[in-house]
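Enquirer: Whatever this is, show me its structure:
(one chain, ligands or ions: 3)
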Amino acid sequence: MDTEGFHRSRCHRRYRRQLVAIIPFTCKPGIPRELSIKVGGKGEDRRLRFYRGQRSSSSASIATVVRCIATGERKTRNAELVMESAGAEMVDPKSTVGGGVQDIYGEDRATEDHLVAPWGLSVASGYSLLRDPHHNKGLAFTEKERDAHYLRGLLPPAYLSQELQEKKLMHILRQYQVPLQRYMAMMDLQERNEKLFYKLLVDNVEELLPVVYTPTVGEACQKYGSIFRRPQGLYISLKDKGRIHEVLRNWPSKTIQVIVVTDGERILGLGDLGCQGMGIPVGKLSLYTALGGLRPSACLPITIDVGTNNEKLLNDEFYIGLRQRRATGQEYADLMEEFMSAVKQNYGEKVLIQFEDFANHNAFHLLEKYSKSHLVFNDDIQGTASVVLAGVVAALKFVGGNLADHTFLFLGAGEAGTGIAELIALEMSKQTNISVEDCRERIWLVDSKGLIVKSRNEFLQTFKKPWAHEHEFVRDLSDAVKVIKPTVLIGSSGAGRTFTQEVIEAMASFNEKPIILALSNPTSQSECTAEEAYTWSKGRAIFASGSPFNPVEYNGQTFIPGQANNAYIFPGFGLGLVMSGAIRVHDDMLLAASEALASQVTKENFEKGLIYPPFKNIRKISAHIAAKVAAKVYDLGLASRLPRPEDLVKYAESCMYSPAYRQYR
Ligand SMILES: NC(=O)C1=CN([C@@H]2O[C@H](COP(=O)(O)OP(=O)(O)OC[C@H]3O[C@@H](n4cnc5c(N)ncnc54)[C@H](OP(=O)(O)O)[C@@H]3O)[C@@H](O)[C@H]2O)C=CC1
Ligand SMILES: CC(=O)C(=O)O
Ligand SMILES: [Mg+2]
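Expert: Ligands and ions are numbered 1, 2, ... in the order given. Presented below is the predicted three-dimensional model:
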C-alpha cells in the first residue's frame, strides 16, 4: 500500500488514535519529541513535533511514522524515517539482542543505570486491543472482528457470548470462599474487561455489592498494600504540591463528570487507613456506573495522601502511601485548595466532586467552604442523610405518624449522625411549619462522652452545638434510651455492638414497632446484628443496617433486613446533577432524592421487613431519583443544560451507560 492509500485506509485511523495514546508516555511535559520523515522521492523533509498529550496537526504523517515504527522499517517506498530524541531510536529488526526478540523499546540493550524511555509502542495489532479493558471482549469477538482487528491467532477459536462469559465468571466467583478473593477477582476483571465487570455488577447487584463495596471493600482497604497489583485511580500526595494540575493531566480521560475523593482518614468505621483508602473512591465510582449509569471514563477516583497517623501502616513494609504523620492546618488547607482549583481548571465548573470518608474535623469545613464555589457533595453527611430520611419516611407510612410525632436518638454525633439529624429537622419543619430550631428539640444525640446537652456546650465541636438541648447529662446509651424514650434509634458511631440487649429491650418496652437503624460499616462495626435486633425486640423491630445481613428466622417468621446505605442515593443523585448540568448542590435536592427513594417502597416490601426497595431494581430507582433531583435543579434555576427535557425519568434512563458489548467495525 502506498502512503496515500495508507492515509485513506481504516488502519490509518486506528494508528493515529494509537499514537495519540502513546504520546503521553513518551514526551516530558512541554518538551517536544521530534520525528523527522522524508516523504516521497522528492526528498521533502517533514518534521513532526509531538507534545505531551497533543495531537500533531499532520495526522497523515503520523500514520506513516507509526506504521514504520511498527514494522521496524527505516525506509518504505515513499518514506524515509528518522527518529530523533534520546531513548527512542529505531533498532535493527534483525537484532537478536534480548533473547532474539525484537527490542524496539531499547530496554534490553540498556545497562541497569542507563535511563530508558517507557515506550509503549504496540500499534493496534489486535494484541493491544485484548489488553485494553475498555474495548476488550475476550472470546466474544466475532469472526469478522477477529479479521478486521488483527486478532487471528491471538484468541482460541471458540466464540463465547457475553452472557456465557458472565455465567462462567459468576460460577468462578461463587467458588471463592474468602470474600477478599472475590474482591480481587472482581478488581482483576475490571482491569481486564470493563464491560464484563459492569455486566456482572448490574445483573447480580445484590450478590456483588457486598464484594466491591461494604463490607469487603473495608478489608480490602486494610490490606490494600499487600493485595496491590495494578494501580487504580489517581494518587495526589504532598509531594505533588505545586503541580497538582499536571498530575491531573496524567489521567487518560479528559471528560470527567464525577470525582470521588478521600484523604483516607475515616475509612468506613475503620479509622485512618491513609493512602489505602483508595479502595473507597474506586468502589463508590464503580457504583456510580453500575447503579447510576455514569460512564466509567467519566469517573475519576482520587486519594489525597497527606500522610497517616496509623502506626501500624507507618510500620508496614508494604504500605503504599507517604510514610509520615498527617499534615494538618495550613499545609493541609493549601493542598486541598490547590486540588480544588486544579479540578476546576481541568474539568470545568460542572464536575461533581464527592467528598468521601474524610474525618469530621475536615469534612464539615471542606463542604462549607467549597459548596460556594464548586459542585460538591459530601456523601457521608448529605447522602447518608437523604437515605436515612427516606427509610424513616417509608417506615412511617406503615407505622403511622409524621416525623414530628416521633422522637429520634442517635448514637454517634459526627458526619453521618448530625447530617441525618439536620435533614430530618429540615423535612419536619417543611411538613409542619415549625421552625427548624424547634424541630431539633425532638432529636437527641449521644457521642463518645454521652448525651449532648447544654452544659457541655463550651467544649462541643461546632457541628454538635445545635443539638445541645436543655437536659441533665446522661453518660450511657441505655440510660439515655430510658429517659428520652425514642421511637427511632440510629447508630452512626462506627462502634460495633453498642446496641446491647438492654438498649434494644428498652426500645421494645415502650414502642410497639421500634425503628432501629445500625448504620455503621463494615459489618464488624455495626451497632448490632439483624439477628440481635429481631430477637431482642421479639420480632417487633423495624431494622436496617449499613452493611447487609442475611434474612433472619424468628418465631417461624422470616425477616429480611434492609440496607440503609447511601449507595441508594449517591448514584442517582449524581446522575441528576450531571444530566441537568447543575452548578451547585442545594438541600432541597437531597430532600427530592429522599422523597423519590421513599416513594419506591411498596407495602409488599414493608411486609417483608424492608424500608428500602430491593437493590435489584436500583437502576430504575436511580433514574427516578435522578429525575426528581434534576427537576429540583431546574426549578431552583441551577441547571445549565437547557432546554429542560420533558420526561426526566426517560431522559435519565437514556443517559445511562450500558455494559453490553458493542460491535466493532
Ligand atoms: N450506612 C451508611 O450509608 C453510612 C454509614 N456510615 C458509618 O457511620 C459511622 C460513623 O461515620 P461518621 O459519622 O462519618 O464518623 P464520625 O467520626 O464523624 O462520627 C462518629 C461519632 O460517633 C461517636 N462515637 C464513636 N465511638 C463511640 C462510642 N463507643 N459510643 C458513642 N459514640 C461513639 C463519636 O464521638 P465523638 O464525637 O465524641 O468522638 C462521633 O460523634 C461509620 O462507621 C461509617 O461507616 C457513614 C456514612 C454512611
Ligand atoms: C457508606 C459510607 O459511605 C460509609 O460507611 O462511609
Ligand atoms: Mg463514606
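
Enquirer: wait, what's in contact with the closest residue to ligand 2 within the chain?
Expert: Of all residues in the chain, the one sitting closest to ligand 2 is residue 521 (3.8 Å; CB to the nearest ligand atom). No exception for glycine: its C-beta is placed from N, CA and C like everyone else's. The neighbourhood of residue 521, defined by CB atoms under 8 Å, 6 or more residues apart in numbering, consists of 214, 215, 218, 268, 269, 546, 547, 565.

Enquirer: just residue 209 next, same as before
Expert: Residues counted as contacts of residue 209 (CB under 8 Å, 6+ apart) are 201, 287, 548, 567, 615.

Enquirer: Please identify which helix or strand holds it.
Expert: Here residue 209 sits within helix 205-212, counting by DSSP states H and E.

Enquirer: Which strands or helices does whatever helix or strand comes next after that helix pack on?
Expert: For helix 205-212, the following helix or strand on the C-terminal side (DSSP H and E) is helix 216-222. Packing partners of helix 216-222 (3 or more CB pairs under 8 Å, 6 or more residues apart in numbering; DSSP states H and E): helix 179-192, helix 279-292.

Enquirer: So for the first one, what gets flagged as buried?
Expert: I take that to be helix 179-192. Buried residues in helix 179-192, counted by 16 or more other CB atoms under 10 Å: 180, 182, 183, 184, 185, 186, 187, 189, 190, 192.

Enquirer: Disregarding residues adjacent in the polypeptide, which is nearest to residue 618?
Expert: Residue nearest to residue 618 in three dimensions, not counting chain neighbours: residue 291, with 4.7 Å by CB to CB, 6 or more residues apart in numbering.

Enquirer: Keeping just the C-alphas, turn stretch 412-427 into PDB.
Expert: In PDB, the C-alpha atoms belonging to stretch 412-427 read as follows (Å, rounded to 0.1, in the frame of the first residue of the first chain):
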ATOM      1  CA  GLY A 412     -22.800   9.000  67.100                       C
ATOM      2  CA  ALA A 413     -22.800  12.700  66.600                       C
ATOM      3  CA  GLY A 414     -20.300  13.100  63.700                       C
ATOM      4  CA  GLU A 415     -20.800  13.500  59.900                       C
ATOM      5  CA  ALA A 416     -23.500  10.800  59.500                       C
ATOM      6  CA  GLY A 417     -25.300  11.500  62.800                       C
ATOM      7  CA  THR A 418     -25.600  15.300  62.600                       C
ATOM      8  CA  GLY A 419     -26.100  15.200  58.800                       C
ATOM      9  CA  ILE A 420     -29.100  12.900  59.200                       C
ATOM     10  CA  ALA A 421     -30.400  14.800  62.200                       C
ATOM     11  CA  GLU A 422     -30.300  18.100  60.300                       C
ATOM     12  CA  LEU A 423     -32.100  16.800  57.200                       C
ATOM     13  CA  ILE A 424     -34.800  15.200  59.400                       C
ATOM     14  CA  ALA A 425     -35.300  18.500  61.200                       C
ATOM     15  CA  LEU A 426     -35.400  20.400  57.800                       C
ATOM     16  CA  GLU A 427     -38.100  18.000  56.500                       C
END
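
Enquirer: For that stretch, give the mean pLDDT please.
Expert: For stretch 412-427, mean pLDDT rounds to 98.

Enquirer: now do stretch 573-582
Expert: Average pLDDT, stretch 573-582: 98.

Enquirer: still on that earlier bit, which one of the buried residues of helix 179-192 is nearest to residue 578?
Expert: residue 190 (21.4 Å; CB to CB).

Enquirer: Next, residue 444: secondary structure please.
Expert: strand (DSSP: H, G, I helix; E, B strand; the rest coil).

Enquirer: my read: it touches residue 485, true?
Expert: No. Judged on CB atoms under 8 Å, residue 444 makes no contact with residue 485 at a distance of 10.2 Å.

Enquirer: Say whether ligand 1 is contacted by stretch 211-221.
Expert: No. Using CB under 6 Å from any ligand atom, stretch 211-221 stays clear of ligand 1, with a minimum separation of 7.4 Å.

Enquirer: Appreciated, that's everything.
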